[in-house]
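K.L.:
Here is my input; please provide its structure:
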Amino acid sequence: MSDLMRPLSFDHLMAWARAELAHDGAIFGAHTSKFWRPQGTTTIVDSFGDRIANPVGPAAGPSTQLSNNILVCYLTGARFMELKTVQKMDGAELRACVAKPCIEMMDEGYNCEWSTELTVEEAFDEYVRAWFLCAFWGKELGIGWVGDVAFNMSVGYDLEGIKLPKIDNYIEGLKDASRTAVWNECYSWLEAHLGEFQNFTAEDLAAIPTQISNSVTLSTLHGCPAGEIESIAHYLLTEKNLNTFVKCNPTMLGYEYARSALDRLGYDYISFDDHHFKADLQFSDAVPMLQRLRATAAERGLRFGVKLTNTFPVEVKAGELPSEEMYMSGRSLLILSMSLALKLSEAFDGQLPISYSGGVDALNLERVLATGIQPITVASTVLKPGGPQRFQQLAELSAAIMTDAGPIDVALLRETVEGIFADPAYHKRFREKFPSRKTSSPLPLTDCFKAPCEDGGCPIHQQIPEYLTLTAAGRYDEAFKVIALDNTAPTINGVLCAQNCREHCTRLDYEQSIHIRQVKLVASDHAQDAFSKAQVAPALVTDQKVAIIGAGPAGIGAAIFLRRNGVEVDVFEKLDGPYGIVKYIIPKFRISEEQIMRDFALATDLGVNFHFNCDPNYDVDELRKTYSHVVVATGSWGRGMNPVKEGQELVVDALDFLWEAWNEGGAKVGKKVAVVGAGDVAMDCVRTAARTEGVEKAFIVYRRNEPNMPATQEEVNDVRAEGLEIIEMVAPISYDGKVLHCEKMKLAPIVPGKRRGIEGTGEFVDIEADTVIGATGATIQTEPYVRNGLALDDRGRAVLDADFQSSKPKVYVIGDGRLGPSTVVQAIADAKVAARAILRDVGVTADYDRPHPTVHQPVEPIRAKRALLIKPLPGKDEGSRCLTCQDICEVCTEVCPNRANVAIKVGGFSDPFQIVHIDGLCNECGNCGTFCPHAGRPYKDKVTTFWTHEDFEESTNVGFLAKADGGYTVRLPGGEVTDIASSADAKLPADLARILTALEAEYAYLLSAPAGK
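P.N.:
Sure thing, here's the model as predicted:
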């Protein structure tokens, strides 16, 4: 495919918008429920002197490159449009310099793009078309008037280029577009179709202002001399008579401040040196320059200020983008941009107007506006799921508190900057170490909607959106039935679950993943006891019986799945109670005895037979004489690797310590306790030690830093909340019973795709400790496997098939005893696999493999929740934040700034909508690939429509090219190219035929597009 965007004629833009609105209730993918409808007619005067309906909009960038992009921003609430930058390099020459993909927005944002990829002339035409689109649709839909909107030019990057005829024509044309060809194109089309409109009149057409913009934001490249910047700004003020703002770089803060600020917020891995800080405009030069330019503007009755900030150049270290340098944006830029705003406001006593962009979203917009900073433009937030429809919330928030531009409240701004450092939401750890939300599933050509929390996140594939929805509605009994179908320890998992699901929750890319475990516990607290007591042991469907060795989560899980499906089960346990590690090792301050026994009742009330205090020396051959199948679920109770080379005999193993602490009346560990390790067990150890009688200090010792800790962020946060110290970047070497001798470590260079390594520094530190606890991971006790004749691999693990069956037929190994220490939910997942195989063996289909009852939601309520940032809610209400992705996903359509991914209604599929990619609008930015929950990239993997033969030939995508003489050239799955007459052609697979039929009938505007110019 080509990265060449093909602008649309005004005729085609209007045809598309009108047809989509009539058929789907949307315009370029923005649904009418997300259109911003101002309450009243209040407007304000912004810092540029524009009178606008609210002071928010898109920053110069992907969202202001094409006219349809800008229209979507307008419809959803944006009223200040910072047009994408134009410069002397443009079109094909510019595109050749931009590596693709060029956008990475997984958490903090990065890009390696520059100015518009169109020619300057094409960009001008797009902005005029956008002006007319906003004018028409504002009136036709009753949501505003173009007179309440500001279009702000952005030009760069040097005076020579800005004086070129094509840039000068661009500037003068936007100051008065009335004599341009594109103005006539748009005006004439509307005039010719006036009789077709409901609200837009001839008077409205005549009233469209010919001045599209009288303001400019100056953008210069890094390293641009102060004199050049001043000369350009002076030229724009005095020669072009434009209200002018100069875009400033965060480098003005100085290297030391920028490095320190990012490090404090956990962004120490972001790599940059000081060369840009030395080459860029210095603060000491900027202040007098800005003072002179303010005076020049005042003399001419113009507005002058600064735009904060440009993006921040950093090095590509982890393969984020295919370039050497990239530009940082989003939440990591917030502290730098706001700090520079404070520094300049202090220097100018709040009198320097600031136009702002840098890390603003719906959760901090009000705080920034309250300081007097405005207008505010955004880029990163509208490139995340929800896309430009996020403007609706931004508009509503800003309209409620907006005022005319005035001085900056320096004291409040200072307080706001200090608050960023103190607010956990701006620390890197707020994302909880969750990397990409993507899963490993291939992106299918059709029917791609899925809930990644359930499919790819949860090991037991619970119907998470269903039970979240039911619990939020207070339908606890129904919710619990959904939970219990797949989850045999719902209360334990409601307290302790590792929540793999949250790593893939779509809300992760909004504000914070749903606290799914919390909602599960609410449902369990309300409904589990009644559910358990109402259980009736099913009649046995076979005379075969199963023996399970071990009554931990895996063993009990397998027992419940088997007994529930009519198979008799006996569980043998060496301890005197159920749930192994959960009951005997995990601290009581994390989970109570009552909660554990509540889950145990699910098994006993179902009729599972338990035998406690059994001989641990089991014999599977002997058991097989009585039982048809044996399941070994004995956990990982072996000692972990000792963390020191010398004094190993003096180090206490984590499981030994926790057993003694919780089962033998408490451990005797002295006053100072060092816990070596950084997993969840280490966190349990240090918190338990801190509660142990006589202990004055308990702390963690870890050879890496916190972001690389294997413990969940929640567990680490609990440790920090209790005031317990974490000593990072030290590797233990020896322990003599009093002093833990360690080497100081440093992080190794980043290697893309690999965990960050460490290196020794040759410096050493001694740490006093009465007890050292080694919490570096338990191991599988292999002796029972050897004794029972089970084949082992070279790591001492049982050799198993896909059903977890061992080398001995009908003997299975599951849970932590399979691969080593894992999680409760993974143990239950193992139990499902083995139980399924055993049930299949006796001729039964597992109930959890039968079609599940699905709680489908109507489309409109789902879409109403989209694009809204909502902080976590208490109790059952947290479930209401669910976006119900299995019913409607469409993330790729939301995050595409060019609207190049379209959801169309097609019958005959499981999903109500199918995704079609529009090659002519795509510039291969890659953003849809970042957020698609599958492993694929929609712009490469979905059915595609092509507008030119050239684009078709440059692509490998499956899709259609409409031929001028009728029919289509089609690329089929597998790569074969063929010609067909219509969607009825037998050569076309059924799924592609249905899609093409829908395109022809309802979406013809996607199949071919006359060029704008």
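K.L.:
Tell me which stretches of the stretch 1-150 of the chain form helices.
P.N.:
If you assign secondary structure with DSSP state H, counting those that start in this stretch, the helices in the stretch 1-150 of the chain sit at 10-24, 67-76, 91-95, 120-140.
K.L.:
The second one - contacts with which helices or strands?
P.N.:
Using 3 or more Cβ pairs under 8 Å, 6 or more residues apart in numbering; DSSP states H and E as the contact criterion, the neighbours of helix 67-76 among helices and strands are helix 10-24, strand 26-27, strand 30-31, strand 56-58, strand 80-82, helix 120-140, helix 391-401. Every C-beta, even on glycine, is put in place using the N, C-alpha and C of the backbone.
K.L.:
so which of the helices of the stretch 1-150 of the chain is the most packed in?
P.N.:
Relative to the other members of the helices of the stretch 1-150 of the chain, helix 67-76 carries the highest mean neighbour count by mean count of other Cβ atoms under 10 Å, namely a mean of 28.
K.L.:
Could you tell me the angle between it and helix 120-140?
P.N.:
Direction vectors for helix 67-76 and helix 120-140, defined by axes from the mean of the first three to the mean of the last three Cα atoms, to 10 degrees, enclose an angle of 30 degrees.
K.L.:
Please name the nearest non-neighbouring residue to Arg937.
P.N.:
The shortest distance from Arg937 to any non-neighbouring residue, by Cβ to Cβ, 6 or more residues apart in numbering, is to Gly929 (3.4 Å).
K.L.:
that's a helix at that neighbour, yeah?
P.N.:
Yes. Secondary structure assignment places Gly929 in a helix (DSSP: H, G, I helix; E, B strand; the rest coil).
K.L.:
Can you list the low-confidence ranges for the stretch 901-1013 of the chain?
P.N.:
Applying pLDDT under 70 to the predicted model, the residue ranges of the stretch 901-1013 of the chain that meet it are 1010-1013.
K.L.:
just the strands in it please.
P.N.:
Shown for the stretch 901-1013 of the chain, the strands assigned by DSSP state E, counting those that start in this stretch span residues 901-905, 913-918, 943-946, 959-962, 968-971, 977-980.
K.L.:
closest one to Ala1001 among those?
P.N.:
Of all the strands of the stretch 901-1013 of the chain, it is strand 901-905 that lies closest to Ala1001, at 10.0 Å by Cβ to Cβ.
K.L.:
Pairing partners for the closest one, with directions?
P.N.:
Each strand that strand 901-905 pairs with, and the sense of that pairing, follows from DSSP bridges: strand 913-918 (antiparallel).
K.L.:
contacts for the strand it pairs with?
P.N.:
Taking Cβ atoms under 8 Å, 6 or more residues apart in numbering as the criterion, the residues outside strand 913-918 that touch it are 446-449, 888, 890, 892-893, 899-906, 938-939, 942-945, 957, 959, 995, 998-999, 1003, 1006.
K.L.:
between that strand and helix 10-24, how many degrees?
P.N.:
170 degrees.
K.L.:
Alpha carbons only: can I get strand 913-918 in CSV?
P.N.:
Output for strand 913-918, consisting of C-alpha atoms alone and laid out as CSV, is shown next (Å, rounded to 0.1, in the frame of the first residue of the first chain):
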residue,chain,number,x,y,z
PHE,A,913,-20.0,-4.3,11.8
GLN,A,914,-17.0,-5.2,9.7
ILE,A,915,-13.9,-3.1,9.4
VAL,A,916,-12.9,-1.8,6.0
HIS,A,917,-9.6,0.1,5.4
ILE,A,918,-9.5,3.0,3.0
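K.L.:
can you give me the end-to-end distance of stretch 946-963?
P.N.:
This stretch, stretch 946-963, spans 10 Å end to end (Cα to Cα, to the nearest Å).
K.L.:
so how far is it off the chain centroid?
P.N.:
Computed by Cα atoms, centre = their mean, to the nearest Å, the separation of stretch 946-963 from the middle of its chain amounts to 31 Å.
K.L.:
Would you indicate which residues of it are buried?
P.N.:
Going by neighbour count (16 or more other Cβ atoms under 10 Å), the buried part of stretch 946-963 is Phe946, Trp947, Thr948, Asp951, Phe952, Ser955, Asn957, Val958, Gly959, Phe960, Leu961, Ala962.
K.L.:
one step back: neighbours around the residue nearest to Arg937, how many?
P.N.:
Counted by other Cβ atoms under 10 Å, the residues lying close to Gly929 total 23.
K.L.:
Name the helix or strand of this structure that has the lowest mean pLDDT.
P.N.:
helix 859-865 (a mean of 92; mean pLDDT, DSSP states H and E).
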